[in-house]
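Colleague: When you get a sec, could you give me coordinates for this:
(one chain, ligands or ions: 3)
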Amino acid sequence: TVSLPVYTQEEVMKHCSLDKGIWVTYNGDVYDITDFVAIHPGGNRILLAAGGALEPFWSLYAVHRQEHVQEILSGYKVGVLQAEDCKKQEAANLVDPYSTDPPRHPALIVNSLKPFNAEPPPGLLTDSYITPSALFFTRNHLPVPQVDPNKYRLKIEGLPSGTMSLTLNTLKSNFPKYTVIATIQCAGNRRSDMSKVKPVKGLNWGFAAIGNATWSGARLRDVLYHCGFGPEVAAKARHVQFEGLDCDVTGMPYGVSIPLNKALSEEGDVLLAYEMNGEELPADHGYPVRVIVPGVAGARNVKWLGKVVISEVESECHWQQNDYKGFSPGTNWDTVDYKSAPAIQELPVQSAITQPVDGSLVDRRMEEVNVKGYAWSGGGREVVRVDVSVDGGKTWHVAKLRDNGEDEFPAPSPQPGRAWAWKLWEIAIPLPEGAEVLEVVCKAVDSSYNTQPDSVPPIWNLRGVLCNAWHRVKVKVN
Ligand code: HEM
Ligand code: MTE
Ligand code: MO
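Modeller: Ligands and ions are numbered 1, 2, ... in the order given. Coordinates of the predicted model:
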């Protein structure tokens, strides 16, 4: 083997532009990645590491903690880093941007630790109509920001009065406090069902990236009108952009937008929430303030809200423009054009089976099999029916819908178009005679008579979002 040249950090640093070449270090090795820059799936940001170490960036973007990424990198190796510089780097890498993340519940199933992404065991999900905050799924793209409630300011931009700045106390005391019970679902919920058909890119969520909570706070519309929203702005503005206080290494915050109409509508129930389930928001769920956009994909419910911008255009951020969009099963990574598809807002009708568990056993002496699950639809469309089958969809039974499971949370029948909360459902179905395997299936119907597609292939998409095919669970009878 030819021994590779040894470089100092200083030499590596000189290679930080496309004309001088782009070099980076990783784990004590030196790489010339000039030719890779143009084909990097994460785009231009790769240049941030030019002339320096990859570690601080890769610790922020967990997608790189995969074997195939290491393989790509190894193809560009040109040398090793001088021992003394290696030591310096190791010391610097000990600063972990996630070190201030909060403690989490041990029952959560972790999909990625840094950033933290986790869901509860699905069986626990239907134990209570209101999901306990500690078990509510968490979807973080970045480290949890540390926010001092006394220094917190919510900036409102795009109104005639210029930038407005509201304290936490103002939000709490100057506006009426509203409470809504709303389900939040990640657009990637059930991605693992999609990746069984063909690999997709993204966190491998099971079917518990969904939860139902009470959210309390000021209505966004009240705050906007208070800050001077009026006909002059309404004539031009079309979107409300949100920015989180969580930033990537370049200082770019998490950002998305929703249609202005949704934000202004009295029936839209969009909140600047400071409470979840009657307590201040937990750190993972957006302390001290998050947006709740009922009926809309989790991604638009911005946590650690720092800024609201009234605008003619959608958010320019990655998560609005180049992520959280749906595509044809025929679209691949060579042909995908993110500009061609609208951002996901309202989600389609969804349901899943939490009991029985896939692969479990049912005793033949039991005459019935108890089936339980959740059902929900986006856009305030109420789930009006859930059909359940134990023979793979040949025969169907109608499940009993529960608006709420506990007396403490009386959920009155929602107004039409404002059904933001899920329904839990259950049914006891007679065991079919002689059956050795049951294929338990559920599908929900919403108030617009939308229902779920029977299988994944026709809705498969490269990013694995919007997976709402019939949920199927197999159990053995013994
Ligand atoms: C995604 C390689 C540097 C940010 C990816 C993926 C690969 C890759 C293979 C796709 C992973 C997957 O989804 O399976 C590399 C290599 C790098 C490098 C070889 C260095 C030589 C960086 C740097 C940053 C970065 C320095 C940030 C400053 C991202 C992001 C994605 C990504 C945000 C996700 C893109 C998306 O899913 O939309 N990278 N990367 N990468 N990379 Fe890098
Ligand atoms: N807001 C900020 N600031 N940063 C984020 O990473 N993730 C979004 C959304 N809001 C995110 C965010 C996504 S994709 C989802 S699904 C929901 O938050 C998840 O909310 P939860 O973690 O409270 O369940
Ligand atoms: Mo999400």
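Colleague: pLDDT wise, what is the residue in the chain positioned nearest to ligand 3 at?
Modeller: Proximity of the chain to ligand 3 (Cβ to the ion) peaks at Cys186, 3.3 Å away. The C-beta positions use only the backbone N, C-alpha and C, and glycine is treated the same way. Confidence at Cys186, expressed as pLDDT, is 98.
Colleague: How many residues are close by it?
Modeller: Using other Cβ atoms under 10 Å, Cys186 has 26 other residues around it.
Colleague: in terms of contact, does it touch Ile210 like I think?
Modeller: Yes: if you go by Cβ atoms under 8 Å, Cys186 and Ile210 touch, sitting 7.2 Å apart.
Colleague: Identify the contacts common to these two.
Modeller: Phe137 (Cβ atoms under 8 Å, 6 or more residues apart in numbering).
Colleague: Quick check: residues of the chain near ligand 2?
Modeller: 136-142, 184, 186, 244, 246, 254, 284-285, 298-299, 301-304 (Cβ under 6 Å from any ligand atom).
Colleague: what about burial for these, which qualify?
Modeller: The neighbour count (16 or more other Cβ atoms under 10 Å) marks 136-142, 184, 186, 244, 246, 254, 284-285, 298-299, 301-304 as buried among the residues of the chain next to ligand 2.
Colleague: helices and strands around the longest helix along the chain, which ones?
Modeller: Scanning the chain for the helix with the most residues, using DSSP state H, yields helix 83-93. Secondary-structure packing of helix 83-93 (3 or more Cβ pairs under 8 Å, 6 or more residues apart in numbering; DSSP states H and E): helix 9-14, helix 55-58.
Colleague: Check which residues of that helix are buried.
Modeller: By neighbour count with 16+ other Cβ under 10 Å, helix 83-93 contains the buried residues Asp85, Cys86, Gln89.
Colleague: Can you name the residues that contact the residue nearest to the spatial centre of the chain?
Modeller: With distances taken as Cα atoms, centre = their mean, Cys186 lies nearest the centre of the chain, 4.2 Å away. Contact analysis of Cys186 by Cβ under 8 Å, 6+ apart lists Phe137, Arg139, Trp205, Ala209, Ile210, Ala297, Gly298, Ala299.
Colleague: let's see 7 Å
Modeller: Residues near Cys186 by Cβ atoms under 7 Å, 6 or more residues apart in numbering: Phe137, Arg139, Trp205, Ala209, Gly298.
Colleague: From the residues you listed, which land in strands?
Modeller: Per DSSP state E, strands hold the following members of the contacts of Cys186: Arg139.
Colleague: Save the contacts of Cys186 as a markdown table, and put in pLDDT too.
Modeller: Listed next are these as a markdown table, based on pLDDT from 0 to 100:
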| residue | pLDDT |
| --- | --- |
| Phe137 | 98 |
| Arg139 | 98 |
| Trp205 | 97 |
| Ala209 | 98 |
| Gly298 | 98 |
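Colleague: Columns distance to Ile427 on top of the contacts of Cys186, output as CSV?
Modeller: Shown next, in CSV, are the contacts of Cys186 (distance: Cβ to Cβ, whole Å):
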residue, distance to Ile427
Phe137, 25
Arg139, 30
Trp205, 26
Ala209, 24
Gly298, 28
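Colleague: Widest-spaced pair of the contacts of Cys186?
Modeller: Using Cβ to Cβ, those span at most 10.8 Å, a distance reached by Trp205 and Gly298.
Colleague: Distance from the longest helix of the chain to the middle of the chain?
Modeller: The chain centroid and the centroid of helix 83-93 are separated by 35 Å under Cα atoms, centre = their mean, to the nearest Å.
Colleague: Parallel or antiparallel, which strands does the following helix or strand past that helix pair with?
Modeller: The helix or strand immediately downstream of helix 83-93 is strand 109-112, counting by DSSP states H and E. Counting by DSSP bridges, the strands paired with strand 109-112 are strand 117-119 (antiparallel).
Colleague: can you pull the contacts of Glu232?
Modeller: Glu232 touches Pro160, counting by Cβ under 7 Å, 6+ apart.
Colleague: Which of the three states applies to it?
Modeller: helix (DSSP: H, G, I helix; E, B strand; the rest coil).
Colleague: Tell me where the chain is predicted with low confidence.
Modeller: Along the chain, the parts satisfying pLDDT under 70 run over 1, 404-412.
Colleague: Figure out the length between the terminal residues of stretch 283-293.
Modeller: End-to-end distance for stretch 283-293, by Cα to Cα, to the nearest Å: 19 Å.
Colleague: ok, residues contacting it?
Modeller: 102, 116, 133, 136, 138, 140, 144, 147, 149, 152, 154, 168, 171, 180, 182, 215, 242, 258, 262, 270-274, 276, 280-281, 300-305.
Colleague: what about burial for those, which qualify?
Modeller: The neighbour-count test (16+ other Cβ under 10 Å) marks 116, 133, 136, 138, 140, 144, 147, 152, 154, 168, 171, 180, 182, 215, 242, 258, 262, 270-274, 276, 281, 300-305 as buried among those.
Colleague: among the residues you listed, which are in reach of ligand 1?
Modeller: Subset of the buried ones among the contacts of stretch 283-293 in contact with ligand 1: empty, counting by Cβ under 6 Å from any ligand atom.
Colleague: Could you list which of those residues belong to strands?
Modeller: 138, 154, 180, 182, 215, 242, 258, 271-274, 276, 305.
Colleague: Report the two of those residues separated the most.
Modeller: For those, the farthest-apart pair by Cβ to Cβ is Thr138 and Leu154; their separation is 22.3 Å.
Colleague: Name the residues of this structure found near ligand 1, please.
Modeller: Residues of the chain lying close to ligand 1 by Cβ under 6 Å from any ligand atom are 24, 33, 36, 40-42, 45-46, 48-49, 54, 57, 61, 63-64, 66, 69, 72-73, 201, 323.
Colleague: Closest one to Pro458 out of the ones in strands among the buried ones among the contacts of stretch 283-293, please.
Modeller: Of those, the one sitting nearest to Pro458 (Cβ to Cβ) turns out to be Ile258, at 28.1 Å.
Colleague: Against Val296, how distant is the closest one?
Modeller: According to Cβ to Cβ, to the nearest Å, Ile258 stands 6 Å off from Val296.
Colleague: what sits in contact with each of the two?
Modeller: Residues within reach of Ile258 and of Val296 at once, by Cβ under 7 Å, 6+ apart, are Gln345.
Colleague: What are the buried residues along stretch 451-469?
Modeller: Quick answer for stretch 451-469 (16+ other Cβ under 10 Å): 451-452, 456, 459-469.
Colleague: Closest to ligand 2 out of these?
Modeller: Taking Cβ to the nearest ligand atom as the measure, Val465 is the one of these closest to ligand 2, at 10.2 Å.
Colleague: Assess the claim that that closest one and Asp323 are in contact.
Modeller: No: look at Val465 against Asp323 with Cβ atoms under 7 Å: they stay out of range, at 8.8 Å.
Colleague: which residue ranges form the helices in the chain?
Modeller: Secondary structure of the chain by DSSP H: the helices cover 9-14, 55-58, 67-74, 83-93, 122-125, 168-173, 191-197, 220-226, 231-234, 260-264, 318-321.
Colleague: tell me the contacts of the closest residue to ligand 1 within the chain?
Modeller: Nearest to ligand 1, among the residues of the chain, is Gly42, at 2.3 Å (Cβ to the nearest ligand atom). For Gly42, the contact set (Cβ under 7 Å, 6+ apart) comprises Tyr61.
Colleague: what's the spacing between it and Phe36?
Modeller: Taking Cβ to Cβ, one finds Gly42 at 11 Å from Phe36.
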